[in-house]
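Engineer: turn this into a structure:
(one chain, ligands or ions: 1)
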Amino acid sequence: MCGIVGYIGHRDAYPIIIKGLKRLEYRGYDSAGLVLYDGADLKMSKTKGKVSDLELKAEKEGTTIGKVGMGHTRWATHGVPNDVNSHPHFSNSGKLVIIHNGIIENYEPLKIELIKRGYVFKSDTDTEVLINLIEEVKKKENCKLGKAVQIALNQVVGAYAIAVIDVEKPDEIVVARLGSPLALGIGENEYFIASDASPFIEYTSNAIYLEDEEMAIVRLNKPIKIRKIKDDSLVDPYIQELQMNLEQIEKGGYDHFMLKEIYEQPSVIKDTYRGRLLVDQGIIRMAGVEDNLEKFTNAKRIVIIACGTSWHAGLVAEYIIEEFARIPVEVEYASEFRYRNPIINKDDVVIAISQSGETADTLAAIKLAKEKGAFVFGVCNVVGSSISRETQAGAYTHAGPEIGVASTKAFTTQITVLTMLALRLAKAKGTMPNSEYQRYLLELELIPKKVEEALQTTNEAAKAIAAIYKDSPNCLYLGRGYNFPVALEGALKLKEISYIHAEGYPAAEMKHGPIALIDESMPVIVIAPNKGHYDKVVSNIQEIKSRSGKIIAIVTKGDTQVKALADHVIEIPETTEALTPLLTTIPLQLLSYHIAVMRGCNVDQPRNLAKSVTVE
Ligand code: G6P
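Structural biologist: I've put the predicted structure just below:
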C-alpha cells in the first residue's frame, strides 16, 4: 500500500506531486507528505489526513517551490497515522530524505544497532530506520548515495519501493524496489517516479517498470541507469509505451469513481471479450489459453488463489469451470494458501486472480505454487503488474483503471474472462454439447446490453430501498449455486463502503444458524433469478417471511412468485443460469453505493482500506 511520486526536471514539481498523490490515494489515505528542493534546501510538509489536507498545509507553509521533489500518501503499517509518522522521513543529519512503500521487517534489530551508534528517532516507523541506516552506511563507507542505498538494502528484509534524495546532490533521486511497484516516466529532460503510471500519463507515455531487486539513479539530463541491488550488475532498461489515458482516470461527470466504474461495466465487459469471443466463427480464442491448452486439459485439478472481491470471482469460476469443463476446482484465499504448506502437484493448474496485480499475499502464493511445480495462469487487470509478470501465462481483464477502492467492474470482467476460459476448456474436453456451447457464446455476447438494461432499470429501485434500510445495523445476503458468491460479494460491498455489518450465506445454510438473527428489523437480500434452484430459494424466502424478516429480492423480469412474498423486488433481465452473476451483482453494487452516499460515507476511499494491498 502507500503511493509514492517523485519528479526531477524543468517544471514546478509541486503541482505534479499533489496531482499525482491524488491519483494514488486509492493506495492509502491515512496521511500524506512531500519534500521539495527549493534550490538551497529540502523543504518538507506532512500531515495526518488526505492529500487535500497536505495541499492546504504545504501552501500555508510555502512548501511549493522547486523542480525536484517527491511525495507520499500513506496506509499506516508501523505507527499510528499522525503527522510525525507520515512520510517523507529525514535522516539524523537532515541531509537525506526518503519516501517508502512497503515494510522493513527487520527494522527493530537495525534500530537498536543505530541507537547504540547515537541515532535518535522521531517516529515509530520502519522507514526512519532505513534512511538512518543509509546515512550510517554512507558515512562509514564514505560513498555516494546510490552505493549507500544499495549496501543498506542488502541488509534489509522486507518489501519496498523507495525514493531517496541527498541535499548535497539534488540533481538525482535514487529509487529501488522489492515487492512494491515502481514506475519511471521518461520525458524530455525530465523524469517521473510513481507507484503506477497514473501521475505522469499527461506528460509522457514512455515508462520503465522496475523489477524486483532493481535500483536506479534518476539523474537530471542523464540516461537512467538500472542495477541489480544484489550484485551491482547493469540491467538494460526496457521502455514500455503506456496504454492508459487521462480520461480513464478521471470521474467523467460522475459523483464518485465507484459509480463511474459501475456504469462502465457494459463497455468494459465488451472490451474483455473483444477479439476473444468470436461468435461468427463459433469459437473463443484467448492467446494465453491457446498456448497452454494441453496444460489445462490435462490438469487433474485447478486451484484458484485470490483475495477479497477477486476471491469471490474465483468462487463463481469454481461453479462455472466444474459445470462446463468437469475439472475439479478449489478456491483458496491466497493468504491461507501461502502459509499452510498446500499440496500442489505438477499437473495442477493454479489460477491467480487479482485486479491490481500487486496483492502481496497473491504474489507470494504464486511464487509458492511455482516452486512446487504448478503452472500458474494470471487473471489481472493492471497491465505490466507484478502478478502479470510473475505468472507463466494469463489473460488481462481489460477493465481499465479501477480507482474506487470497492471493486466493481473488476469483478464482472474477471467473471467474463473466467467464463470464456471455462467455455474454451469445455470445448477442448468435449464436456459440453456444441449446440449448448454456441448458445453460451451468443448469450455472453448479449451480456453488455443486459447489464446496460439492468443499470437503467435497477438504479431507482436500489436508491429507494437504500433510503429505507440505510440505518440498519445489520444485513443478510442469501444466494444459491452461482449466486452464492454474489451474496458474499454483495455483503462485502456493503461492509466496505457503508460500514454496515453484513453477511453473505448460501440460502440453505440459513437454518443452520443465521435464521436465529431474523426479526422484523433484519433486511435480507435474496438473490432469486428464475433459474437453477428457484423453488428452493422461494422456500428459503418463506422461512424468512414467517419470522418477519424484511425481504429484498433480486428477481428475473416478469417474476410473480417471489414478488408475492417479498417486501421489495428489483428486476434484472433474463439470462442463462451460469451468467446470472453478471447481472445479479449490478443492483447489489448500486444498493451499497446509495446506502453509503446516504450515510455520508466516503464511497471511493472507505476508512481503513486501501485498494492495492502490498503488505501481507
Ligand atoms: C483489497 C481491495 C479489494 C480487492 C482485494 C484484492 O482488499 O480493497 O477491493 O478485492 O484487495 O485485490 P486484487 O487487486 O488482488 O484483486
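
Engineer: which pLDDT value goes with the residue of the stretch 151-300 of the chain found nearest the ligand?
Structural biologist: Nearest to the ligand in the stretch 151-300 of the chain, going by C-beta to the nearest ligand atom, is residue 258, at a distance of 10.7 Å. (Glycine included, C-beta is placed from N, CA and C.) Residue 258 is assigned a pLDDT of 96 by the prediction.

Engineer: which element is it on?
Structural biologist: helix 257-263 (DSSP states H and E).

Engineer: from the middle of its chain, how far away would stretch 107-125 be?
Structural biologist: On the basis of C-alpha atoms, centre = their mean, to the nearest Å, stretch 107-125 sits 33 Å off its chain's mean C-alpha point.

Engineer: distance between the ends of it?
Structural biologist: The first and final residues of stretch 107-125 sit 9 Å from each other (C-alpha to C-alpha, to the nearest Å).

Engineer: again with stretch 150-166
Structural biologist: Start-to-end, stretch 150-166 (C-alpha to C-alpha) is 14 Å.

Engineer: what do you get for stretch 206-225?
Structural biologist: Start-to-end span of stretch 206-225 (C-alpha to C-alpha) is 16 Å.

Engineer: which positions in it come out as buried?
Structural biologist: 207-210, 212-220, 224 (16 or more other C-beta atoms under 10 Å).

Engineer: cool, stretch 380-399 as well?
Structural biologist: 380-388, 390-399.

Engineer: try stretch 574-585
Structural biologist: Those would be 575, 577-585, for stretch 574-585 by 16+ other C-beta under 10 Å.

Engineer: ok, of those residues, which one's closest to residue 143?
Structural biologist: Of all these, residue 143 sits closest to residue 585, with 55.4 Å by C-beta to C-beta.

Engineer: just the buried residues of stretch 206-225: which are in strands?
Structural biologist: Among the buried residues of stretch 206-225, the ones falling in strands (DSSP state E) are 207-209, 214-219.

Engineer: can you redo the residues you listed as CSV with pLDDT and distance to the ligand?
Structural biologist: Shown next, in CSV, are those (pLDDT from 0 to 100; distance: C-beta to the nearest ligand atom, whole Å):
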residue, pLDDT, distance to the ligand
207, 95, 20
208, 96, 22
209, 93, 17
214, 97, 22
215, 98, 25
216, 98, 25
217, 97, 30
218, 97, 27
219, 96, 33
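
Engineer: now the two most distant members of those.
Structural biologist: Farthest-apart pair in these is 209 and 219; separation 19.1 Å (C-beta to C-beta).

Engineer: center of the chain, which residue is that?
Structural biologist: The geometric centre of the chain, computed from its C-alpha atoms, lies nearest to residue 356 (C-alpha atoms, centre = their mean), at 3.8 Å.

Engineer: residues touching that one, list them.
Structural biologist: Listed by C-beta atoms under 8 Å, 6 or more residues apart in numbering, the contact partners of residue 356 are 380-382, 385, 387, 611-613.

Engineer: quick one: distance of the very next helix or strand once past the helix holding residue 258 to the chain centre.
Structural biologist: The helix or strand immediately downstream of helix 257-263 is helix 265-273, counting by DSSP H and E. Helix 265-273 sits 18 Å away from the centroid of its parent chain (C-alpha atoms, centre = their mean).
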